[in-house]
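Student: Sharing a model that was predicted from the sequence below.
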Amino acid sequence: MIRSADIREWRNHDVVDLKQRKIGMLEAIYVDTATDQPAMATVRTGLLSRQRLVFVPLDEAVLGPGYVKVSYTKGQVRKAPSIGTDDVLPAEQEEAIFRHYSMTYQPGVNGERQLARR
């Protein structure tokens, strides 16, 4: 798992799947608002003229020299909900990301978002 102190160092590093296939470049880290621990990353994918940011969970992520290896396949990540490269994640889209990865979505007691960008 990526520690909070390390997250800024890994921006723009390759994100790869378990078979070392490149998915894209790490753009940003989203932390779980309840624990302040890294929970998701956005990965820049697509052609230069049509890039987007897809979300991938960081559970079981492994850091290597110049890369972050995630425990999801390239195909699964590329099909994940996405946002534009200059967009922010709308609150109403958070649950779809968790559902895509068969994860439980747990907003705060008062409906607070589960993810916050760091």
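Tutor: Received it, and whenever you're ready, just let me know what you need.
Student: in this protein, which spans are strands?
Tutor: Per DSSP state E, the chain carries strands over the ranges 14-16, 22-32, 38-45, 52-57, 62-64, 67-69, 82-84, 115-117.
Student: for the record, mean pLDDT for the longest one?
Tutor: The one in question is strand 22-32. What strand 22-32 shows for mean pLDDT is 93.
Student: which strands and helices sit next to that strand?
Tutor: strand 14-16, strand 38-45, strand 52-57, helix 74-78, strand 115-117 (3 or more Cβ pairs under 8 Å, 6 or more residues apart in numbering; DSSP states H and E). All C-beta spots, glycine's among them, are computed from the backbone N, C-alpha and C.
Student: List the beta-bridge partners for the residue most central in space within the chain.
Tutor: When the chain is reduced to its mean C-alpha position, the nearest residue by Cα atoms, centre = their mean turns out to be residue 41, at 2.1 Å. Beta-bridge partners recorded for residue 41 (DSSP bridges): residue 29, residue 56.
Student: Let's see the pLDDT reported for it.
Tutor: At residue 41, pLDDT is 94.
Student: That one contacts residue 58, doesn't it?
Tutor: Yes: judged on Cβ atoms under 8 Å, residue 41 makes contact with residue 58 at a distance of 5.7 Å.
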